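# what follows is a predicted protein model with its sequence.
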Amino acid sequence: MQSTGTWLDPSELNAPLTPEISTSMPLVPASASVLRIVSYNIKDGGVDPALIAAAFKANANLATADIIMIQEAEAFPEEPSTRISQLASALDMAWIYAPARPEKTGTLGDAIISRYPLEDFAVMRLAFVPTKHQRIAVAGTLRIGDVAIRLVTTQLDTTLNITDRILQLRPVVIDLPSPSIVGGDMNTNPYAWQGNQVPLIPTSQVVDTDQAPMLDDYMQQIGFANPIAPLGNTEVKFGIASRLDAVFVSGLEPINAGVERDITLSDHWPVWTDVRIQP
C-alpha cells in the first residue's frame, strides 16, 4: 500500500481538493449532556439532498441527530452549491465537506454535519493500493463546556484483507485524544481478497473471514467501543447483507444505538449512537 497518514490543515489542500467549510457555524455552543452521532454512506453522491433531509426529519431517531457523518458525498460543478451544503442547510446545520478525489462529474469525499460549532478541522489522505481510489479521513472538534470531543469520519477501501484494513485505519485513530468518536464506512466485508481484486468465498467456512469483529477487536485494544456491533448488518448489496458501518467511541459512555433500515435511499442504512458527556 502507498503510505501517507499525516493530518493536514484544510489550507494545505489545493483545488479541486480544497475542503468546503460552512461560513455560518451555529452561534449557540453545545450544552447537551447526551449527543446523538449518525453515520451514513449515501452511495456515489447520493440522491437529491432534499430527499435525504426529508427522510431524516421524518425518522424520530435521525431527526434529533447532533452530528451526521457522511461518506461518498459528491459535488457537481454544474450545481449552484455542493450537495453537502444543500443537505446541511436543509437540516439547519453547519458542515465541512472534504473531497477525497476528483471524479469525471466533480469531486467525491466525506463530510461532517453539525448542529453545534466545530473547530480545528483537518484532513488525512489514507494509504491505498495503487490500483484503487484515494480515501481520506475528515476531523473536527466539538466543545461542550470544558470537554473537547474529536470527531472523525472516514471510508476505508473495499478490497482489503483485515491486516491492510487495520493499517489503513491505524494512522487515523492511533493518536486521537480522548474523548473521540470515529464513524464511517469501514467496509468490513465478510471476504478474504486475492490481490486486492477478487473476493474468495470459501465453500466451507473453515476460517472465519468476517472482518467486522476483527476490526472491533483491534479498536477495543486501543480503547474504542463499537455500540453498533451487536445490531447486525448495516448494508445490503446484490442480496448480500454485511456489517460495514461503525461508530467507534473512546472516553465517552455509549448509552443507546440503532440501525435505521427503513431509510432505503442508499445501499447502506444510517447508523447512530448516543453518548453521554461527562464533564
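Ah, there it is. Please read all numbers here as calculations on a predicted model, not as lab measurements.

# which residues touch Leu265?
Contact analysis of Leu265 by Cβ atoms under 8 Å, 6 or more residues apart in numbering lists Ile42, Lys43, Gly46, Val47, Leu51, Ile52, Ala55. C-beta coordinates here come from the backbone N, C-alpha and C atoms, glycine included.

# any figure for the gap between it and Ser39?
Distance of Leu265 to Ser39, given as Cβ to Cβ, to the nearest Å: 15 Å.

# got it, and Ser242?
Distance of Ser242 to Ser39, computed by Cβ to Cβ: 15 Å.

# out of the two, which sits in the busier spot?
More neighbours surround Ser39 than the other of Ser242 and Ser39, with 29 against 20 (other Cβ atoms under 10 Å).

# who does the helix or strand where the more buried one lies pair up with?
Element membership for Ser39 (DSSP states H and E) is strand 34-45. Strand 34-45 pairs in its sheet with strand 67-75 (parallel), strand 271-276 (antiparallel), by DSSP bridges.

# now that strand: buried residues?
Leu35, Arg36, Ile37, Val38, Ser39, Tyr40, Asn41, Ile42, Lys43, Gly45 (16 or more other Cβ atoms under 10 Å).

# tell me the mean pLDDT for that strand?
Across strand 34-45, the average pLDDT comes to 95.

# distance between it and the chain's centre?
Chain-centre distance of strand 34-45: 7 Å, with Cα atoms, centre = their mean, to the nearest Å.

# how about stretch 129-149?
Here stretch 129-149 is found 8 Å from its chain centre; the criterion is Cα atoms, centre = their mean.

# now do stretch 228-244
On Cα atoms, centre = their mean, the centre of stretch 228-244 falls 15 Å from the chain's centre.
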